[in-house]
Structures are given as C-alpha cells and as structure tokens.
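J.: What follows is a protein structure lacking sequence information:
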C-alpha cells in the first residue's frame, strides 16, 4: 500500500514537472507579443531587498512603507522591506556602519551624501546607480528628472551614487506667530533685534529660542549661519579644503562668540543641552508657546504636520531667514542645510537585488506622483517641474517661500558635519557642545579644530 | 556554640591530595578538562579572542569598512597626548569614587534592614528592590521624564508646589549632571548590592550578637565590632562589583546625556564608543578599550591584594 502510494505521488510529481517544463519551453519559445508579459517578467531577476530609512515624521514614514507595498503588488516575486530607524542620526549611522561591513547590507540605505558617503565609496561599500538591467553605472536616465543642483553631494568622479528621496532642506527659523504678536514683536532680521527680543520675552517668562542640543548637531546650525553672516561662504570652504589653520578665520571666531552671547543672554530654554531634538520636545515648546522659535531644517515642517497639524494648517507657524550680524559680509539670502536626503546603494548585494533596488528607486522616487506626495507632506521636491504643485498645495503659504528662498539663494552651504565626514565632524560637534555650555572658549575651540587641518 | 565549632572544624578537615603521577590524579585531570571544556571554549571565544583582537587592533588604523593598516605605536602615543582621553579617564575615576561612596553605605543599610526581623520588612523590601526588575533603558527613560526641564516631573512639582529648588538643569548643567548620574546609577544598583549584604548578614551567627548584648554593647558598637568585621568579604565583593562596574558603565549615560553637557559626563567607555562608532577610528578606540580592561583588572587585583580577599581566611576565626 505504502509503495503504491509513493508510486502514485512519484508519478504525479513527474507529471507536474513535465507540465512545468512544457510550459516553460512554450513561454521561452513564444515571441514578444502582447501576451508575452509573463515571458518578460520571468526573465527579470526576483529578489527581496531591505531599504533602510531614517524617521522623518510618521506621515513620510508611512508613505515609504506604503510605496514598498504598492511596488510589491506590481512586481510579483519581488519584495521591498522598508525599515525605519527612529531616534537620532547618530544611532542610524552606527547601525549602518556595522551593516555595510557585513555580507548582507541593506540594498538601499538613507544617506546625507557628502563626506560620509564618500567614505563608503572609497571603502567599496557603495556603488553607483544604473538604470535597472542596463550598463550605464553612474549615469542613470533618471538624473534628468531632478534639479541638477540636487545631485552635487552624491556625485563623485562624475558618477551618481544617490537618488534624492526628500525635499530640499534649507535650515530656517520656524516661529510661533502668536507668541511674537502677543508681545508686539516683529520677526528679528538682525542679531541686535534678536537679542532685544530675548529680553522682552524673558520679562514675560517666555524663552525666545527652543533648542535640543544633546546630539550637538542642532547647535552646529548656529555656527554655520553665524559664520556665513559674518564672513560669507569662504571661511568654511577653507576648512573643507583642509587648509592649515582655517578655523582661525575671524568669521568663525566671531560666530563662536555670538553663540556664547546667545547662551549668556539666555536666548535658549533651560536644559537645552540635555534635550534631543528627535524626541519632538523642541517642536512642542514652539507650538505650545513656551518658546517663540527654533532653528531647524525644512524637514521640520513635515514633522510638525505629523505631530500637530492644526498648528501648521491654522497658519500660526511662520518661517524666517537667519538674521544678519552687525558689520557682517555675508548675504542674508545665503542658506545652510542639506540639499536633500538620498537613498544610496550598497555594493555587496546580488545582481537580482541590484536590479530590484534600481527599479524600485527609479520608479518610486523620481515620479511625479511621488513629488505630489512630498508636497502633501510639507516637502519641497527636488523633482524637476514640481513648482506648479506647490502653488496649488494647501501648504503653499510655507512651501512657496521656501522654494523661493532656495531659488534666490546666492549660496547654499551643505551641512558642515556631512561635508567634513565623521573623523573631523565628531570632534567639531563635541567641542561645539562645550562652547554652548561655556566650558570652552572660542579660542580653545579654534585651536583644537586647527589640529585636525592637515593641509598647508 | 558547640554546633558552630563542629561546623568550623569540619570545614578545616584535611582533604587527601593524590600523589603526582598517580592514576587517580590523571583521571581527575582528564575529568577536569572534559568538564571545563565548554566553559573554556566559551571563555576563549567571547573573552580571550576579543581581547587579543582589541590589542591587535590598537596597533592598526581601521574604519571597519576600509582596509586595515598597521601603524605601530601611533595610536598609543596619541593616547598619552590626547586631552580628551585624559579628561574621560578623570570623569570615569570620579564616577567610580562617587558611586562607591554613595552605593556602599546605602546598600549596606538596606541589606541589614532586609535581613532583620522587623514588622512589614518584606513589604518594604519588595518596594526597595523594585529597580531590580526594570531594564536599564527603562530606568534611563523614566528618569529623563522625571528630570526633563519644562515638562518633567520635578519641573511640575517646582511650578505647582512653588518648590523652586527643584527647578534645576539636572541633566544639562556642567557642575551638576555627573552627580545626578551617580544618584540614578545608585538608584539602579543599590538594591542588587543590598541583596548581597542581606545574604552576608544572614551568615553571621546570632550567638555573636547575643554575646555582644550580654557584654552591654550599644547598637553602634555591635555594628562596629561584630557586623562590620563579619561582613568584610561581603564589602570587598560588593565594592569590587561597584568599582569594576562603574569603570565600564555606559548605558544610562549614553541614553541620558551622551557624555554632555559638553564632555562633562563623557566617561572612557563613551569616549571609546564615540571614537570607534561615530569617528570610525577603531584602532584608537581599541587603545581606549585596552586601557579600560587593564584598569579594571588592575583595580580588581589591587582590591583583592589590599583586603586579603584572595586568601579567604574565615571571618569566624576563634568562634567556638
């Protein structure tokens, strides 16, 4: 009985295998006609890929997950698994560094471009994008879909290593209009005006600026802007070019002094150096009116929209440029921040995973549907031809000025920590944290950082 | 008394030692090796190999994803001239000293209380030992909630009960935060050490306390001349755990302050983490790891030497 059963099962299996073989031969033999979709699909590699993203507010996080699900449905056999790392950028970068050192890294990973990505490229851990299945590494056709300026931080040796996945991210002041109006204050356009506002608000138990500086990158934005406003872009360009004693530039010294003036005048809330911006605490200070304003990247609009949509939609939120400093040579319209964020591609993935990763990245992130989603979530897309979307958006009161700011900016400085890479950026932000705590003088900061300049 | 004496005498009974080369000794050796092999294997894999690898890495330049390059003593000479490392070492030593000073008396007091016979003792003990049930991350987040400015628990009390002294920059003040961390760490670990002291106290024969009472000793004298000498090895065990544990302490500091404000709470383990994982200089980070390991071993050996812990003489010498 048992032998008969096995024999029956065996003959059934043989029959199934024979049928599958005949179907396969038939499919391969059939020329590419209208009914041949299955043939083309069977020729494309199937794979599961992991995509690592960093938390950008629950609306954007959900969008990414939803796009992966849609992609899976449209590509049977493929699977895109999106993982979102919460918490600070430091946590993500540590996790990513470990993963890229293994044999199974995420196929696509969130990147800020610049020095950190260059380090991965030099170590052979990140590879240039191509069009899926084509031999155009570093020059995929989707580059034409983006504003040319958006690809600078991910272009190395004329090859593109990242695809923009978010909007442009200039750093600006986000302020609560109600608080300023309550005390009859105009948005401060100069440093003396800002310091005067600090005193006015302090008399009413209100703090002018909310800051969460436990990770130290938050405070770096002040150094970037004060330096630019005092001396223009060249001061940092010298640092980036690794010129000897570049940190001794008077503009940097002046910027560090201005930071300590803000601290001494109590422009920031109590405990600013024990708060992480990623917790949402600082945003809450602003929309609850405990603080009047905060300096943050444009991504904060999307985060506020996730956390307190009514504050944003009611028009109580204002967005303003960083003030000028007396006698400064910098331009009020210069911007600091991230050009945008990117998805980069790991090297040690299979050919099938590379195919799926390139197909997913191109079809999702460069589409006009995605640009519309970005606008809906408070982002100013880097996808060419999306300016029209901004004008019809319910958020146009925020998005159009940001777009105009970027368009008219004579200079857009990429975030210093990303531009310099981790070896210099880590001591820079740590020592800046000490400047914010008044435990290190501007001169001491300059001396320490000059120690990392190895050029002549 | 006779019972204690009998037990102590039994403990001192000579153990027959097999002669070298005898078949019984060979069998014992083989059994020892077989029995110890799983432990030795795990110890080798998870302790010896990583330590040897860290020592090796300390002579190289490596960022995990790039090529490993031999640099000789460059990382080590950098350690001796790195003010950041010296500062981290100083903060670590401060943390060790203050942790010991706070935790030891509190744990001893709590342990002696739990070992007593007071009414409702077990109810109090259950409350005091509650932190033992919580994870370190949970403890850190809870304290962050308590100490957070503006929206924290203490800020609430300060505002509603007009207790202005509670309105401090607990986790962001260069002069205060290290001590706040010492208190939080003590809150986490005192219950554990209290259990050690409780066990130690329970091994002290009641006859000693009866004798002290008959001699008219006060409570303080009983503690000074009976309890404390009898707890000698318990104190050493607990101190060693506190000292070595504080030397390598990381979690709560990482979650609550990340070494800040500035670098005022940047202990050596955190500096090692920043250097390795953020600055991607694993060669130099390995130097810091080796220094930390050597320091831990040296302190432990010093404690053993200084206290006679290694000899393990009976604390009940002369009791009969």
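T.: It's in. These numbers come from a predicted model, not from an experiment.
J.: Grab the nearest non-local neighbour of residue A:448.
T.: When the adjacent residues along the chain are set aside, residue A:448 lies closest to residue A:431, with 5.5 Å between them (Cβ to Cβ, 6 or more residues apart in numbering or on different chains). Quick note: C-beta positions are derived from backbone N, CA and C, even for glycine.
J.: show me the contacts for the one you found.
T.: Contact analysis of residue A:431 by Cβ atoms under 8 Å, 6 or more residues apart in numbering or on different chains lists A:440, A:444-445, A:448-449.
J.: if I pick the residue nearest to residue A:143 when sequence neighbours are not counted, what's in contact with it?
T.: Excluding its sequence neighbours, the residue lying closest to residue A:143 (Cβ to Cβ, 6+ apart) is residue A:160, at 5.8 Å. By Cβ under 8 Å, 6+ apart, the contact list for residue A:160 reads A:128-129, A:138-140, A:143, A:151, A:154.
J.: Enumerate the residues of chain B near chain A.
T.: Residues of chain B found near chain A (Cβ under 8 Å from any Cβ of the partner chain) are B:63-67, B:84, B:147-151, B:167, B:169-172, B:174, B:177, B:256-264, B:266, B:274-275, B:277-281.
J.: Could you rerun that using 6 Å?
T.: By Cβ under 6 Å from any Cβ of the partner chain, the residues of chain B that approach chain A are B:64-66, B:149, B:169, B:171-172, B:174, B:258, B:260-262, B:277-280.
J.: So residue A:292: helix, strand or coil?
T.: Assigned with DSSP: H, G, I helix; E, B strand; the rest coil, residue A:292 falls in the strand class.
J.: Please work out how many residues are found near it.
T.: 29 (other Cβ atoms under 10 Å in any protein chain shown).
J.: confidence score at it?
T.: Note for residue A:292: predicted pLDDT of 97.
J.: try residue A:68
T.: Confidence at residue A:68, expressed as pLDDT, is 95.
J.: I'd like to know how far the residue positioned nearest the centre of chain A sits from chain B.
T.: By Cα atoms, centre = their mean, chain A has its centre lying nearest to residue A:341, at 3.2 Å. With distances taken as Cβ to the nearest Cβ, to the nearest Å, residue A:341 is found 19 Å from chain B.
J.: Surely that residue is in contact with residue A:167?
T.: No - with contact defined as Cβ atoms under 6 Å, residue A:341 does not count as touching residue A:167 (8.9 Å).
J.: What segments of the stretch 51-200 of chain A are helices?
T.: Secondary structure of the stretch 51-200 of chain A, counting by DSSP state H, counting those that start in this stretch: helices at A:58-74, A:89-100, A:114-122, A:177-182, A:191-202.
J.: for those, which one ends up most surrounded?
T.: helix A:114-122 (a mean of 20; mean count of other Cβ atoms under 10 Å in any protein chain shown).
J.: ok, back up a step: wait, which of the helices of the stretch 51-200 of chain A is closest to chain B?
T.: Among the helices of the stretch 51-200 of chain A, helix A:89-100 comes nearest to chain B, with 4.4 Å by Cβ to the nearest Cβ.
J.: between that closest one and helix A:114-122, how many degrees?
T.: Angle between the axes of helix A:89-100 and helix A:114-122 is 10 degrees (criterion: axes from the mean of the first three to the mean of the last three Cα atoms, to 10 degrees).
J.: where exactly do the strands run in the chain?
T.: Went with chain A since none was named. Along chain A, the segments classed as strands by DSSP state E run A:48-54, A:79-85, A:108-111, A:126-127, A:155-156, A:159-160, A:162-164, A:169-176, A:207-209, A:291-297, A:317-320, A:335-338, A:342-346, A:412-414.
J.: let's do chain B instead
T.: Ranges of strands in chain B, per DSSP E, are B:60-61, B:69-70.
J.: now the strands of chain A as JSON lines including distance to residue A:275?
T.: Shown next, in JSON lines, are the strands of chain A (distance: least, Cβ to Cβ, whole Å):
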{"stretch": "strand A:48-54", "distance to residue A:275": "19"}
{"stretch": "strand A:79-85", "distance to residue A:275": "20"}
{"stretch": "strand A:108-111", "distance to residue A:275": "23"}
{"stretch": "strand A:126-127", "distance to residue A:275": "33"}
{"stretch": "strand A:155-156", "distance to residue A:275": "36"}
{"stretch": "strand A:159-160", "distance to residue A:275": "37"}
{"stretch": "strand A:162-164", "distance to residue A:275": "30"}
{"stretch": "strand A:169-176", "distance to residue A:275": "16"}
{"stretch": "strand A:207-209", "distance to residue A:275": "12"}
{"stretch": "strand A:291-297", "distance to residue A:275": "11"}
{"stretch": "strand A:317-320", "distance to residue A:275": "20"}
{"stretch": "strand A:335-338", "distance to residue A:275": "21"}
{"stretch": "strand A:342-346", "distance to residue A:275": "28"}
{"stretch": "strand A:412-414", "distance to residue A:275": "25"}
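J.: Looking at those strands, which is nearest to residue B:245?
T.: Each of these has some distance to residue B:245 by Cβ to Cβ; the shortest is strand A:79-85, at 29.5 Å.
J.: strands paired with the closest one, and their directions?
T.: Partners of strand A:79-85 in the sheet, by DSSP bridges, are strand A:48-54 (parallel).
J.: one step back: enumerate the beta-bridge partners assigned to the residue nearest to residue A:143.
T.: residue A:155.
J.: same deal with the one 10 residues further on?
T.: Beta bridges link residue A:170 to residue A:337 when assigned by DSSP bridges.
J.: Just the pLDDT at it, thanks.
T.: For residue A:170, pLDDT reads 94.
J.: ok, the residue nearest to residue A:256 when sequence neighbours are not counted - contacts?
T.: Beyond its immediate neighbours in the sequence, the residue positioned closest to residue A:256 (Cβ to Cβ, 6+ apart) is residue A:442, lying 3.5 Å away. Counting by Cβ atoms under 6 Å, 6 or more residues apart in numbering or on different chains, residue A:442 touches A:253, A:256-257.
J.: and the residue in the stretch 51-200 of chain A positioned nearest to chain B, what are its phi and psi?
T.: Residue nearest to chain B within the stretch 51-200 of chain A (Cβ to the nearest Cβ): residue A:123, separated by 3.9 Å. Dihedral angles of residue A:123 (phi, psi; degrees, to the nearest 10) stand at phi -90, psi 0.
J.: Could you pull up the residues touching it?
T.: Going by Cβ under 6 Å, 6+ apart, residue A:123 touches B:65-66.
J.: same question, residue A:433
T.: Residue A:433 touches A:216, B:260, B:262, counting by Cβ under 6 Å, 6+ apart.
J.: swap the cut-off to 7 Å and go again
T.: With contact set as Cβ atoms under 7 Å, 6 or more residues apart in numbering or on different chains, residue A:433 has these partners: A:213, A:216, A:219, A:273, B:260-262.
J.: go on, residue A:230?
T.: Counted by Cβ under 7 Å, 6+ apart, residue A:230 has contacts A:251, A:254-255, A:325, A:328, A:330.
J.: Kindly give the local confidence score, pLDDT, for residue 1.
T.: No chain was given, so I picked chain A. Turning to residue A:1, the model gives it a pLDDT of 39.
J.: wrong one, I was asking about chain B
T.: The model reports residue B:1 with a pLDDT of 39.
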